[in-house]
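Asker: Attaching a predicted model along with its sequence, questions to come.
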Amino acid sequence: MSSKTILITGASGAIGKAIALELAETNNHLILTWNTNKDGIEDIAKLVEKRGASTELFQLSLEDEEQVSKFCNEVIKTASPDILINNAAIAQKKDFLELSTIDWDNILAANLRAPFQLSQSVIPEMQRKGWGRIVNISSVGGQWGGIHQVHYAASKAGLINLTRSLAKLYSKDKIATTAIAPGIIDTSTTKMMLTPQHLGINTESTQTEDELLAQIPCGRLGTSEEIAKTVKYLCSEQAEYLSGVTLNINGGIYFSS
C-alpha cells in the first residue's frame, strides 16, 4: 500500500500513533488530527516522516460541528483522502441518572456525528476514483453496553451501524467500510479506568486488577500495535470483501454474531 492519502483522527493518542506509524510507508501522505496534545503529535509526525511518509497536522475538536464542517470543506475536499480512519473519540465516566443533555450531546457529537461528517465528505471523491477505505474504531462497549458510560457505549454502537450502512451503500463502488471493536487495550487511559464497572463483566468492586484480567481469556490487555496492524490489513487491497464487518480484537472477552 503506497502513494495513498490517509486521514487519521485522534492521531496523538496511543492507538492513533500506532496506526500512523503502521501506515507510514514511503510516498504515503498522512493527514493527522489532534486536539490537546501538540507536543505529542509533533513527535509522532517526526517518526512518521523518518519512515518515508509525509504529514500534515490539524488541530480539530470533533465536538464542534462548525469546526469539523470547515475542516471537511477546506482540507478534505482539497486532499481527497483515499483512506479515512475514524479513530478519535472521547469518553466520560458518569452515572446514567447524572448525565446531562450536554454530556450526551458532546459524546455523540465527537464519537458519531464527526465520523458521519468526515465519511460523507470523503466518499464522493472515493467514488470518482473507484477505490476507498473507511475504518471506524468502535469499542466492545458498543456491543455489550455500558454501566457508567452509557452515552459512550451508545455512540460506539451507532458507529458500528454506520459502518454497516456505508458498506451496504458504497461497497459497489469499491469503498470498503469496516469497524474494529477493541476490548481492553493497554493505554494510560485504559489503566486509569480499569475497574469492574468499565469492564462490564463483573461488578464486584473488591476485585483486584489481576482478578479482572483473569476474566479475559487471553489473560492480558491488548496492544495498540495489534489494533494498528489490523487497520493496515483492512486498508489493503486484499480486504475489499470484508466490507461491513466489525472485527472484535478483545482477547476473547466478548463474541458477537
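Answerer: All right, it came through fine.
Asker: His99 and Gly145: what is the separation?
Answerer: Not quite, residue 99 is Leu, not His. 14 Å (C-beta to C-beta, to the nearest Å). Glycine gets a C-beta too; all of them are placed from N, C-alpha and C.
Asker: ah, wrong one, I meant Pro115
Answerer: Separation of Pro115 from Gly145 (C-beta to C-beta) stands at 20 Å.
Asker: Pick out whichever of the two has more residues nearby.
Answerer: Between Pro115 and Gly145, counted using other C-beta atoms under 10 Å, the more crowded position is Pro115 (28 against 14).
Asker: Setting the sequence-adjacent residues aside, check what's closest to that one.
Answerer: Closest residue in space to Pro115, ignoring its immediate chain neighbours: Asn86 at 4.0 Å, by C-beta to C-beta, 6 or more residues apart in numbering.
Asker: same deal with Ile175?
Answerer: Using C-beta to C-beta, 6+ apart and skipping the chain neighbours, the partner closest in space to Ile175 is Gly132 (3.9 Å).
Asker: Tell me how many other residues surround Gln149.
Answerer: That count, for Gln149 with other C-beta under 10 Å as the rule, works out to 24.
Asker: pLDDT score for it?
Answerer: Gln149 is assigned 94 on the pLDDT scale.
Asker: Just confirm it contacts Asp95, I think it does.
Answerer: No: contact criterion C-beta atoms under 8 Å: Gln149 and Asp95 do not qualify, at 10.0 Å.
Asker: now the lengthiest helix in the chain, how far from the centre of its chain.
Answerer: Among the segments of the chain that qualify as a helix by DSSP state H, the longest is helix 150-170. Its chain's C-alpha centre and that of helix 150-170 lie 12 Å apart, by C-alpha atoms, centre = their mean, to the nearest Å.
Asker: What pairs with the helix or strand just after that helix, parallel or antiparallel?
Answerer: Next helix or strand after helix 150-170 toward the C-terminus (DSSP states H and E): strand 175-182. When pairing is defined by DSSP bridges, strand 175-182 lines up against strand 132-137 (parallel), strand 246-249 (parallel).
Asker: among those strands, which is the most enclosed?
Answerer: Sort the strands paired with strand 175-182 by mean neighbour count, taking mean count of other C-beta atoms under 10 Å, and strand 132-137 sits at the top with a mean of 26.
Asker: so how far is that strand from its chain's centroid?
Answerer: 9 Å.
Asker: what mean pLDDT does it have?
Answerer: Strand 132-137 comes out at a mean pLDDT of 98.
Asker: Stretch 4-12 now?
Answerer: Computed over stretch 4-12, the average pLDDT equals 98.
Asker: tell me how far that stretch is from the chain's mean position?
Answerer: Put simply, stretch 4-12 sits 10 Å off its chain's centre (C-alpha atoms, centre = their mean).
Asker: So what touches it?
Answerer: 16-17, 19-20, 23, 28-37, 40-41, 44, 60, 62, 76, 79-89, 114, 118, 122, 235 (C-beta atoms under 8 Å, 6 or more residues apart in numbering).
Asker: can you tell me which of those residues are in helices?
Answerer: Among these, the members found in helices (DSSP H) are Gly16, Lys17, Ile19, Ala20, Gly40, Ile41, Ile44, Ala79, Ala114, Leu118, Val122.
Asker: Out of these, which comes closest to Ser155?
Answerer: Ala114 (10.2 Å; C-beta to C-beta).
Asker: Just list the residues touching Asn136, thanks.
Answerer: Counting by C-beta under 8 Å, 6+ apart, Asn136 has contacts Asn86, Pro115, Leu159, Ile160, Leu162, Thr163, Thr177, Thr178, Ala179, Ile180.
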